[in-house]
Each structure stands twice: as C-alpha cells, then as structure tokens.
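J.: From the sequence below, what's the structure:
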Amino acid sequence: MNTSSWPMVQDGSPDRLFEGFTWEETQAVVEYLEGHVISFERGEHIGKAVSVHMPHTLAYLLSGGAFMAKYDTQGNQSILDIVTPGYLISYCDGRSNSDIHNLDTVVTAAAEVLCLNVERLWFAEDEAMRPLLTKFSRNVACLLAERNQRLLEKLDIISGHSLREKVLAFLNAQRRSYRRDTFDIPMNRQEIADYLYTNRSALSRELGLLREQGLVDFHKSHFTLLFPAE
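T.: Residues are numbered from 1 along each chain as shown. As a prediction, this is how the structure comes out:
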C-alpha cells in the first residue's frame, strides 16, 4: 500500500464523483477535503487500511478492481458486490465497515483509491466552498443510492431457482454494468462461486455447458455473451 497526493493532471478527474464540476472546482474540493490517493496490490484490504489512515473517510475507486466481502465468525467470506472504477467504496463515520458488519473491500487488481476527509464536508466553515460542497454531496448521495441498487440486484441474482439461472443473471448484470457484450470480470472462479453461493466445480461445470451450447465464450476472466440481452 502506497500513499500519494492527488494527481494534478486534468485527465485524472473521477468524473462520476465530480459530475458537473469544472477541473478547477474539482481541484478545489479535493484540496479542501484533504484528498490523497492510496495504491493497493491484489489481496490487500481497503476498508481497514483507509479507516486507520483517515477515520472519517469517503473512499472512491479510481482504477483497478475489488470486491466487497462479508466474513462470518469462522472467517469464511461471502462476496456481496463487484467493485469497479467509479464505485463509492465507503462513507465512514470513524468506524470501519469491518468493525460494524464484518465487511471489507478486497483488491483483485492493482487499485488506486481516492480518500477524502468527510468530516470537513459535514462541518464546512469556508462560506465560499459551501455551494461546491453541496453539489458534491448530491453526487455522493447518487453514488450511495446506486450502490444500494446494486446490492438489491445481487438479491435478484442469487434468488434464481437453479445455478444456471444465477449464472446467466450474474453475467447479464455484468453486461449492463459494462454496457457491452464482452468484458473482464475482476474475480477468479472461486470468487465468482463465492458471489453466487455455490462451489467452484459446480460453477465451472455450468460455464462449460453454457459454452458448449453457444451461449457464452470465455477465457479465464474474459467473457463474451452470445445470448440476447434481457
């Protein structure tokens, strides 16, 4: 894990978090909220690291991939959501998600996370910054609502009566998220199996059948869907 300052180049702007902002306005808000970027490698846990570094944190994935996981008392993980760039990982009040719900975000591909001090958002003292912070808060609310919608979508996926229904619903959800038929899923087979609450061998067998029937093509984590979108 490495920490660096917010990039000063204009193409580094996270457009969804700062939708409707000029680059100068983005820079002003990031600086006011003490923004910095933390780099993570595969397998590292974002939640605990971010909350220790800055207790009152908004964490936003700039690049890479990860998944949100919940752990039981034996340490077994259930994957709740796939985290891709543009995802609001946490909006923390001083306690990490893992402290409250045994949740954390695990990196699957080298990632960069923008961290902002939301305590300065809640108690803004700079009168000139308040209009920008209000607009920023609306964008945060939209991203939080989208994250909740994705978690509801997960319930739809795992409610399928058969593993085939779950796999097809999962792949369709990825197609909607990436807005194309060909995409890379930032998880290995075991992690996808954990997401679908099944075992790896059953998942591999079902994917093999779907490929034999001309519905899906794939190589490792690279998928092409050959069936019509829902």
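
J.: quick one, helices of the protein?
T.: Remark: helices assigned in the chain by DSSP state H are 23-32, 46-53, 97-101, 119-122, 130-158, 163-178, 189-195, 200-212.

J.: ok, now how distant is the residue most central in space within the chain from E24?
T.: For the chain, V83 is the residue whose C-alpha lies nearest the centre (CA atoms, centre = their mean; 2.2 Å). Distance of V83 to E24, given as CB to CB, to the nearest Å: 29 Å. The C-beta positions use only the backbone N, C-alpha and C, and glycine is treated the same way.

J.: Check E212 too.
T.: E212 is 55 Å from E24, by CB to CB.

J.: related to what we said a few turns ago, who touches the nearest residue to the residue nearest to the centre of the chain once chain neighbours are set aside in this structure?
T.: Leaving out its chain neighbours, the residue that sits closest to V83 by CB to CB, 6 or more residues apart in numbering is A66, at 4.0 Å. Counting by CB atoms under 8 Å, 6 or more residues apart in numbering, A66 makes contact with 40, 46, 83, 89, 105-109, 111, 186.

J.: what do you get for A169?
T.: 156-157, 160.

J.: Break the protein down into its domains, please.
T.: 2-147, 160-225 (automatic domain parsing).

J.: JSON lines for these, including mean pLDDT?
T.: Compiled in JSON lines, the domains of the chain are given as follows (pLDDT from 0 to 100):
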{"stretch": "domain 2-147", "mean pLDDT": "82"}
{"stretch": "domain 160-225", "mean pLDDT": "95"}
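
J.: Give me the distance between the residue located most distally from the centre of the chain and L58.
T.: Taking CA atoms, centre = their mean as the measure, the residue most remote from the mean C-alpha position of the chain is E127, 32.6 Å away. Applying CB to CB, the value for E127 to L58 is 22 Å.
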